[in-house]
Every structure is written in C-alpha cells, then in structure tokens.
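K.L.:
Dropping the sequence and predicted coords here.
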Amino acid sequence: QVQLVESGGGLVQAGGSLTLSCAFSGRTFYTSAVGWFRQAPGKDREFVASISGTGSGIFYGDSAKGRFTISRDNADNTAYLQMNRLNPEDTAIYYCAARNSGTVYPGATFDFWGQGTQVTVSS
C-alpha cells in the first residue's frame with residue numbers, strides 16, 4: 001500500500017521560504033507521479049504543483065508559478081516543494097499526493113494522499 005508522509009511545514013514570516021518533503025513508500029517511486037495540493041480554512045482544495053515519475057513533466061497552479069519549485073529524488077523516494085516569497089495567503093495545510101501512473105497532466109486525478117503538513121505565514 002502506498003504511503004505518503006509530509007514534513008517541513010511550520011511558521012514562517014512573510015517573504016520567507018520553506019521546503020516541504022514527501023516521503024513515499026509502497027511501490028516503485030518512479031512509476032508514480034506526485035502532486036502537491038493545499039487547503040486553507042473555509043476554502044476548497046487547490047492544486048499547487050505536480051511532477052511526472054521521471055521528473056520530465058512539471059505543472060504549476062497559478063498561485064505557485066514563479067515562487068514554488070517541485071522536484072523529486074527517485075533514489076531517495078522523496079518529493080519536494082520549495083516555496084519562496086511566501087505570503088499570508090499561502091497559509092494552508094499542504095498535502096502530498098501520488099498517482100498509480102508515472103504520467104501527469106493538468107487536471108490529473110491522484111490516488112493516494114498524505115495526512116498533510118501545516119504551513120502558516122505571518123504578516
């Protein structure tokens with residue numbers, strides 16, 4: 001069974017940076033595309049970024065473009081989300097998700113989800 005464990009969340013001041021990690025287990029990592037999503041209180045879940053199994057395909061949501069970078073280390077079974085120039089609107093629970101396929105495209109569905117990690121950006 002695929003398991004995803006996020007880490008790296010916390011409290012940061014506006015303008016600061018954080019890197020989230022997603023530890024993956026349960027199948028061969030490169031056969032699963034990975035995505036990051038977030039959900040703020042009272043809001044719908046929002047797509048942040050996704051990356052294909054090989055890392056060759058990457059997509060970003062509008063809120064992430066130019067500030068966030070998704071990456072993965074298939075040797076270490078870990079995916080990352082580097083977040084720069086954070087602002088209070090980035091405050092949310094961030095979730096890592098994986099697909100049963102190594103391919104990814106805008107609007108792709110994800111099959112496995114982590115428990116989430118809280119990111120809070122103070123003004």
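P.N.:
All right, it came through fine.
K.L.:
Buried by neighbour count: which residues of stretch 66-80 qualify?
P.N.:
Under the neighbour-count criterion of 16 or more other CB atoms under 10 Å, stretch 66-80 has 68-70, 72, 74, 77-80 buried. For every residue, glycine as well, the C-beta is placed using N, CA and C.
K.L.:
CSV please, covering those and showing pLDDT, secondary structure and distance to Gly55.
P.N.:
Listed next are those as CSV, based on pLDDT from 0 to 100; DSSP: H, G, I helix; E, B strand; the rest coil; distance: CB to CB, whole Å:
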residue, pLDDT, secondary structure, distance to Gly55
Phe68, 98, strand, 16
Thr69, 98, strand, 12
Ile70, 98, strand, 9
Arg72, 98, strand, 6
Asn74, 97, coil, 8
Asn77, 98, coil, 13
Thr78, 98, strand, 12
Ala79, 98, strand, 10
Tyr80, 98, strand, 11
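K.L.:
for this protein, what spans make up the strands?
P.N.:
3-7, 10-13, 18-25, 34-39, 46-51, 58-60, 68-73, 78-83, 92-98, 112-113, 117-122 (DSSP state E).
K.L.:
closest one to Pro106 among the ones you listed?
P.N.:
Judged by CB to CB, the one of the strands of the chain that comes nearest to Pro106 is strand 58-60, at 5.5 Å.
K.L.:
Name the strands paired with the closest one and say parallel or antiparallel.
P.N.:
Take DSSP bridges as the rule and strand 58-60 pairs in its sheet with strand 46-51 (antiparallel).
K.L.:
Can you show me the CA trace of the strand it pairs with as CSV?
P.N.:
What follows is strand 46-51, C-alpha atoms only, in CSV (Å, rounded to 0.1, in the frame of the first residue of the first chain):
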residue,chain,number,x,y,z
GLU,A,46,-6.2,23.9,-4.5
PHE,A,47,-3.7,22.3,-6.9
VAL,A,48,-0.2,23.6,-6.3
ALA,A,49,2.2,21.6,-8.5
SER,A,50,2.8,18.2,-10.0
ILE,A,51,5.7,16.2,-11.4
